[in-house]
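1. I would like the atomic coordinates for the input below:
(chains A and B, ligands or ions: 1)
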Amino acid sequence: MSSLTDLYQEVILDHNRRPRNFRVIDPATATQQGYNPLCGDRLTLYLTVADGRITDAAFQGSGCAISKASASLMTEAIKGRTVDEARALFDQFHQMITSPPDSPLPEMGKLAVLSGVRDFPTRVKCAGLAWHTLKAAVSDQPDGPVTTE
Amino acid sequence: MATATAFDVTAIRADFPILGTTVHGKPLVYLDNAATTQKPRQVLQVLADYYESSNANVHRGVHYLSGRASDLFDLARDRIARFIGAADSKEVVFTRNATEGINLVAQSWGRANVAAGDEVLISAMEHHSNIVPWQLLCAEKGASLRVIPMSDAGELDLEAFGRLLGPRTKIVAVTALSNVLGTVNPLADMIQAAHAAGAVVLVDGAQAAYHLPVHVQALDCDFFVLTGHKLYGPTGIGVLYGKAARLEAMPPWQGGGDMISSVTFERSTWNVLPYKFEAGTPNISGAIGLGAAVDYVTSVGMERIQAYEQELLAYGTEALRTVPGLVLVGTAARKASILSFVMDGIHPHDLGTIVDREGVAIRTGHHCAQPVMDRLGIPATARASLAMYNTREEIDALVSALHTARKVFG
Ligand SMILES: Cc1ncc(COP(=O)(O)O)c(C=O)c1O
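-> Numbering: from 1, shown residues only, chains lettered A, B, ... in the order given. Have a look, this model is predicted:
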């Protein structure tokens, strides 16, 4: 059994207490809302995209430590990346948090602190909310707020 | 326990097999009773016995087993009628759950009695299941949904209620007990006022049924719904009580077998109460199981359960107040043993995960009552809801787990 400290690592607690890029971008080139109806977590993701590259990313909202830290770390990770790279990162992140416990983890750099989530199936959606919101924000077919359900 | 009632919680716990199990290597501390209660052996045994020795369809066969299953089914209805204080068993309609009972009334009584410009009055502390069926009805009929406001402590504003009641108020649909705040509403007075204004009253008794003695005739409500799985019974079975005269006057809701007295292609005629509202093969084992659950509760004694839970509530309220940064949500003067709370700097969802690792099951989120969260300006709460088998030691385990959460979050 994995322990709570694997889930609530210091980096996560720090990003929960002091989320990075926790602000509005106005005007943004993409604004996307995400909602987890199970626990009421809500966030709005703001992106500035120029020539296919994410030059700025920020978010606002309320949620648990996992969802807030995940959003905070995500905005750091995608800044400066191309939209295609961000999409690829989504896939890797998704694989990381949904892979079976004890299976090998993809190389995720700083985002690896969230890998503990895969041992807590009820919390996978918390970690995924910001990323699903990102996926919708850079989608070619915008389609209203995303939900994790 | 040194109380006058000498409530033997150890003996009661022994009746609930699941309470002896462990979670994450820790003894289970089950404090999510407002979501569903655990089931005593007496109910589990009746379910097994039914399928092993009495299973048949009801009211349909001349053979021995069909007669036996029908007898058990009818007997369960009688027991439930007595338990809620109905005048007659025919006033007890079996449903899937409380939600279905409310939908039945909204669709059958509501469509026949609510017209454009009419009003449906609910309260600020309703569960989604006592909001959405009325929204659907109002949207269909061009009626409007009005809401009795509540205070920050979670008490309904009765003066506002008086003002909201008017000639257009067709029905007041209100919960007896809030699943989030624990508030026990002053139903008798509210029902009297509603009737004086010419409105019909539906009581959502989903939470009340396992915390308080209920007597529908004394309350004088027109409709009352409950759900079996929160009353120590199986899932998939609930009850709609309606005054016989009201149910008689209502059109059927769903059509099918059992609810008819005769069918030709030209027209069908309806069966007598309660069968008019029970289309198709009912949840026979569920009804029998709920009958057994009601017997169990009666054998322990609803008044004694209530007194014991009030002690737990007082103990739990004090214990939680010692936790740094914890704020109780729902502090009405009349409460049942439901303790909602938030903790400074720790989201309820994180609390839920952390205490779960200590074996403590609590609910976190909006508890299917988003308007309550909006009214109080919080996204979610953590909720410990206590039933007759919970103990002070279990409350201590919760408090200790909350201290662990505080440590994790620093
Ligand atoms: C106050 C209240 N009303 C209605 C319900 C709905 O019960 P069910 O889902 O069994 O229909 C619940 C339980 O979730 C409740 O707490």
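
2. from here on, just use CA atoms for contacts and neighbour counts.
-> Will do.

3. would you map the strands across chain A?
-> A:30-36, A:41-50, A:53-62, A:146-147 (DSSP state E).

4. tell me which of the ones you listed lies nearest to B:R406.
-> With CA to CA as the measure, strand A:53-62 is the member of those nearest B:R406 (19.5 Å).

5. residue in the stretch 201-350 of chain B with the shortest distance to chain A?
-> Closest to chain A within the stretch 201-350 of chain B is B:H347: 4.9 Å, counting by CA to the nearest CA.

6. in the lengthiest helix in chain A, what counts as buried?
-> Scanning chain A for the helix with the most residues, using DSSP state H, yields helix A:83-98. Across helix A:83-98, burial judged by 16 or more other CA atoms under 10 Å in any protein chain shown covers A:V83, A:A86, A:R87, A:L89, A:F90, A:F93, A:H94, A:M96, A:I97, A:T98.

7. state the distance from the closest residue in space to B:H229 that isn't next to it in sequence to A:A88.
-> Among residues not flanking B:H229 along the chain, B:T235 sits closest, at 4.7 Å (CA to CA, 6 or more residues apart in numbering or on different chains). Counting by CA to CA, to the nearest Å, the separation of B:T235 from A:A88 is 44 Å.

8. what's the answer for A:K135, then?
-> A:K135 is 10 Å from A:A88, by CA to CA.

9. likewise B:D78?
-> 63 Å.

10. low-confidence ranges in the chain?
-> By default, I'm working from chain A. Scanning chain A for pLDDT under 70 picks out A:1-2, A:142-143.

11. sorry, should have said chain B
-> B:1-5.

12. ok, now with 90
-> B:1-6, B:59-62, B:257-260, B:365-366, B:379, B:410 (pLDDT under 90).

13. quick check: next helix or strand after the helix or strand where B:S66 lies?
-> Per DSSP states H and E, B:S66 falls inside helix B:64-84. Once the chain leaves helix B:64-84, the next helix or strand it forms, by DSSP H and E, is strand B:92-95.

14. what does chain A have sitting close to chain B?
-> A:1, A:4-5, A:8, A:13, A:38-41, A:62-66 (CA under 8 Å from any CA of the partner chain).

15. could you dump those to JSON lines with neighbour count and distance to A:R118?
-> Formatted as JSON lines, these follow (neighbours: other CA atoms under 10 Å in any protein chain shown; distance: CA to CA, whole Å):
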{"residue": "A:M1", "neighbour count": "8", "distance to A:R118": "12"}
{"residue": "A:L4", "neighbour count": "16", "distance to A:R118": "12"}
{"residue": "A:T5", "neighbour count": "12", "distance to A:R118": "14"}
{"residue": "A:Y8", "neighbour count": "21", "distance to A:R118": "13"}
{"residue": "A:L13", "neighbour count": "19", "distance to A:R118": "17"}
{"residue": "A:L38", "neighbour count": "16", "distance to A:R118": "18"}
{"residue": "A:C39", "neighbour count": "20", "distance to A:R118": "18"}
{"residue": "A:G40", "neighbour count": "20", "distance to A:R118": "21"}
{"residue": "A:D41", "neighbour count": "23", "distance to A:R118": "19"}
{"residue": "A:S62", "neighbour count": "16", "distance to A:R118": "22"}
{"residue": "A:G63", "neighbour count": "26", "distance to A:R118": "19"}
{"residue": "A:C64", "neighbour count": "24", "distance to A:R118": "16"}
{"residue": "A:A65", "neighbour count": "26", "distance to A:R118": "15"}
{"residue": "A:I66", "neighbour count": "27", "distance to A:R118": "12"}
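
16. fine by me, we can end here.
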